[in-house]
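1. quick one, what's the 3D model for this:
(one chain, ligands or ions: 1)
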Amino acid sequence: GGARPRVLVVGAGLAGLGAAQRLSSSRAFPHLRLLESTGRAGGRVCSQPFGSEVVEMGAHWIHGPSKENPVFKLASDYGLLDEEAMSEENQQIEVGGHPFLPTVFYSNAGRVLTPELGEGVRNLFSTLLDQTREFLHVPQVSVPSVGEYLRKEIAQQVKEWTDDDETKWLKLAVLNTYFKLECCVCGTHSMDHVALGPFGEYAMLPGLDCTFPGGYGGLPDCMLTSLPKESVVFHKPVTAVRWGGSYREESQEGRTFPVQVECEDGERFLADHVIVTVPLGFLKEHHETFIDPPLPPRKADAIRKLGFGTNNKIFLEFEQPFWPPDCQLIKVVWEDESPLIEAGTDLQAGWFRKLPCFVVLQPPEQYGHVLCGFIAGKESEYMETLSDAEVLTALTDVIRRLAGNPHLAPPKKVLRSQWHSAPYTRGSYSYVAVGSSGNDIDALAQPLPEDAADPWPLQVLFAGEATHRTFYSTTHGALLSGWREADRLLSLYDTSESHQHKPQL
Ligand code: 6YU
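-> The predicted structure is shown next:
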């Protein structure tokens, strides 16, 4: 009855859905509500129609699809993956986060680089990147960021290269493409912002990264369907979570609640517990007013210090491919660039140079000739302010240069994500920035009140991708964080629930 705890979940991404699903399967939480600001579930999992197909505006792959990956597990149980993805063989493949796709390197001078050159640089970059993971338990690092470490190593190695000057420059240009690609992977403007020491803490699971044949969005859809219909409220942005109070409802005499949640439309919800799953980008912008009384300094600090950048996608559909039929990845090389030379800063004149690659959507029989470009950082945020037509014009020019054909037909359609402008996201995903560490992730995940002896424990709990110390920036990190906070509440009521089931004497 009425004395059962009331729980609110803020945000219907994978963290919020995961938490709600776990709580609703327990009899201890019949009063569960999920408040979502937008009109749909999924958050940064966002499949959208593009022509006759569906494309991913947000999460693209299951990273490390194997037994221990809860997203893989759930998606398999719901029947959302194909046979190949679920095969034992695929689950055992270890790729270290960078799956190999048949690649063609194109330069802005309309040249296709030799596969040997591309491969060689790829191996060099991945060796150096692997080295950065070895600083995890080193007390003092010589440079603060992954970017500075990589550049220092490259500057050393270049001295020993025996190639002719042109090849040297070309190799540096290809290396610069890998820097930009790594910015997309980390969701950052520059690898100089990514902390070196904690970099190795990000954990990778075995399995060959796979996609959802019917769209990633099938997963949140299935999760949503499993929840009681009336428990999910859409178009209900929360503006403030007031905790540590004593709130009473007119209709429910005698019962007080420690938390009141206020929504943009003025509606209020009282609760015993709130699980906040809003993105770190939203917290960065609003935490001072969103949580009231304000967060303890340690948590506010963590929000300020952790990184949350932008990675966007640009989909282009072509009548005819300009790439060879077996090519699944197009790398874009600007011959005048190098990681050892400062990049230009004129966004308007050169934003499109930041785009390191296009993935060819597979299979073409299903998608037609569609490329998915990735672009990170300030250039990506600038791209968001342009019109579709402006993006199309700029990228048509890039592609004509790559193909060495000034008359190449422009793409017939364009679609791009705009995660930085999205008011309830404000970027793509989190990373451990210079000046922060895994301890900040744990601090962010700490529930309120911090005093464990408080008579009202676990008033505000925090989940979401940015609260997972080793799987941040992923869907499985988000899901696990939701489960973690649901379990925290379940264990709080563990004893009281078993008491309630005792016969009253
Ligand atoms: C993955 C991948 N992937 C590409 C791009 C993006 C992301 N990720 P949500 O935001 O989902 O939910 C919060 C909800 O709250 C949301 O619905 C809001 O509307 C709502 N809300 C906000 N404010 C509110 C308010 N005030 N009131 C009410 N509601 C409110 N992950 O596994 N594979 O391929 C990609 C990719 C472009 C944007 C990704 C990928 C990240 C995931 O999408 C993301 O983590 C989760 O979906 C987040 O779920 P959530 O519930 O926490 O928040 C070494 C090393 C380094 C590190 N990184 C390497 C890893 C690579 C990561 N790669 C990602 C790559 C791509 C391409």
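2. buried ones in stretch 363-381?
-> For stretch 363-381, the buried set under the neighbour-count rule, 16 or more other Cβ atoms under 10 Å, comprises 367-381. The way it works is simple: take the backbone N, C-alpha and C, and place the C-beta from them, glycine included.
3. just the CA atoms of stretch 132-147, as CSV, please.
-> Output of stretch 132-147 as CSV, limited to C-alpha atoms (Å, rounded to 0.1, in the frame of the first residue of the first chain):
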residue,chain,number,x,y,z
THR,A,132,49.3,5.2,-23.4
ARG,A,133,47.3,2.5,-21.5
GLU,A,134,50.3,1.5,-19.5
PHE,A,135,50.4,4.7,-17.4
LEU,A,136,47.5,3.7,-15.2
HIS,A,137,49.4,2.9,-12.1
VAL,A,138,52.4,5.1,-12.8
PRO,A,139,52.6,7.7,-10.0
GLN,A,140,54.1,10.5,-12.2
VAL,A,141,53.5,11.0,-15.9
SER,A,142,55.8,13.1,-17.9
VAL,A,143,53.1,14.8,-19.9
PRO,A,144,49.4,15.3,-18.8
SER,A,145,47.6,14.2,-21.9
VAL,A,146,47.3,11.4,-24.4
GLY,A,147,47.8,13.9,-27.2
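4. mean confidence for that stretch?
-> Stretch 132-147 carries an average pLDDT of 92.
5. contacts for that stretch next, please.
-> 129, 149-150, 152, 179, 182, 190-201, 434-435 (Cβ atoms under 8 Å, 6 or more residues apart in numbering).
6. now do the strands in the stretch 201-350 of the chain.
-> 232-233, 238-242, 247-248, 256-257, 259-263, 268-271, 273-276, 291-292, 307-309, 311-318, 329-333 (DSSP state E, counting those that start in this stretch).
7. closest to the ligand out of those strands?
-> strand 238-242 (3.7 Å; Cβ to the nearest ligand atom).
8. partner strands of the closest one, with direction?
-> Its sheet considered, strand 238-242 pairs with strand 259-263 (antiparallel), strand 291-292 (parallel) by DSSP bridges.
9. got the residues of the stretch 1-150 of the chain near the ligand?
-> Contact residues, the stretch 1-150 of the chain versus the ligand (Cβ under 6 Å from any ligand atom): 10-16, 35-38, 43-45, 58-61, 63.
10. around the ligand, pick out the residues from the stretch 201-350 of the chain.
-> Counting by Cβ under 6 Å from any ligand atom, the stretch 201-350 of the chain sits next to the ligand at 202, 237-238, 277-279, 282, 311, 313.
11. make a markdown table out of those residues and add pLDDT.
-> Output for these, formatted as a markdown table (pLDDT from 0 to 100):
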| residue | pLDDT |
| --- | --- |
| 202 | 97 |
| 237 | 98 |
| 238 | 99 |
| 277 | 99 |
| 278 | 99 |
| 279 | 99 |
| 282 | 98 |
| 311 | 98 |
| 313 | 98 |
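12. widest-spaced pair of those residues?
-> The distance between the two most remote of those (Cβ to Cβ) is 30.8 Å, for 202 and 237.
13. and those two? which has more neighbours close in?
-> A count of neighbours by other Cβ atoms under 10 Å puts residue 202 above the other of residue 202 and residue 237, at 21 against 16.
14. can you get me a residue count around the closest residue to the more buried one other than its chain neighbours?
-> Nearest in space to residue 202, with sequence neighbours left out and distances taken as Cβ to Cβ, 6 or more residues apart in numbering, is residue 470 at 6.4 Å. Neighbour count for residue 470, taken as other Cβ under 10 Å: 13.
15. over to residue 206?
-> Neighbours of residue 206 under the rule other Cβ under 10 Å: 17.
16. residue 245 too?
-> Per other Cβ under 10 Å, the neighbour tally for residue 245 reads 16.
17. pLDDT score for it?
-> At residue 245, the model reports a pLDDT of 97.
18. my read is that it contacts residue 261, right?
-> No. In this structure residue 245 lies outside contact range of residue 261 using Cβ atoms under 8 Å: 11.2 Å.
19. low-confidence ranges, the stretch 151-300 of the chain, go.
-> Under the criterion pLDDT under 70, the flagged ranges of the stretch 151-300 of the chain are 252.
20. about what we covered before: from the contacts of stretch 132-147, list just the buried residues.
-> Applying 16+ other Cβ under 10 Å to the contacts of stretch 132-147 flags 129, 149-150, 179, 182, 190-201, 434 as buried.
21. take those and keep only those in helices.
-> 129, 149-150, 179, 182 (DSSP state H).
22. looking at those residues, which is nearest residue 459?
-> Nearest to residue 459, judged by Cβ to Cβ, of those is residue 182 at 39.4 Å.
23. pretty sure that closest one sits against residue 193.
-> No. Using Cβ under 8 Å, residue 182 is not in contact with residue 193; the gap is 11.5 Å.
24. restricted to helices, list the buried residues of stretch 363-381.
-> Per DSSP H, helices hold the following members of those: 367, 377-381.
25. quick one: residue 196 from the ligand, how far?
-> 11 Å (Cβ to the nearest ligand atom, to the nearest Å).
26. when you give positions from now on, start the count at 844
-> Got it, the first residue is 844 from now on, which makes the last one we talked about residue 1039.
27. next up, the contacts around that residue.
-> Counted by Cβ under 8 Å, 6+ apart, residue 1039 has contacts 975, 978, 984, 986-989, 991-992.
28. repeat the analysis, applying 7 Å as the threshold.
-> Contact analysis of residue 1039 by Cβ atoms under 7 Å, 6 or more residues apart in numbering lists 975, 978, 984, 986-989, 992.
29. which two of the buried residues of stretch 1206-1224 have the greatest separation?
-> Greatest spatial distance in these: 1211 and 1221, 31.9 Å, computed using Cβ to Cβ.
30. ok, residue 1224 - contacts?
-> Contacts for residue 1224 (Cβ under 7 Å, 6+ apart) come out as 1153, 1263.
31. related to what we said a few turns ago, which SS class is the residue nearest to residue 1045?
-> coil (DSSP: H, G, I helix; E, B strand; the rest coil).
32. only C-alpha atoms, please: export stretch 1077-1092 in CSV.
-> Extracted in CSV, the C-alpha atoms of stretch 1077-1092 (Å, rounded to 0.1, in the frame of the first residue of the first chain):
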residue,chain,number,x,y,z
PHE,A,1077,7.1,11.8,-21.9
HIS,A,1078,7.6,15.6,-22.6
LYS,A,1079,8.2,16.1,-18.9
PRO,A,1080,11.5,17.9,-18.5
VAL,A,1081,12.6,18.2,-14.9
THR,A,1082,14.0,21.6,-13.8
ALA,A,1083,14.8,20.9,-10.2
VAL,A,1084,15.4,18.0,-7.8
ARG,A,1085,14.8,19.4,-4.2
TRP,A,1086,16.1,17.0,-1.6
GLY,A,1087,16.6,16.9,2.1
GLY,A,1088,13.1,18.4,2.6
SER,A,1089,9.8,17.4,4.2
TYR,A,1090,7.1,17.5,1.5
ARG,A,1091,3.5,16.6,2.1
GLU,A,1092,0.7,15.9,-0.3
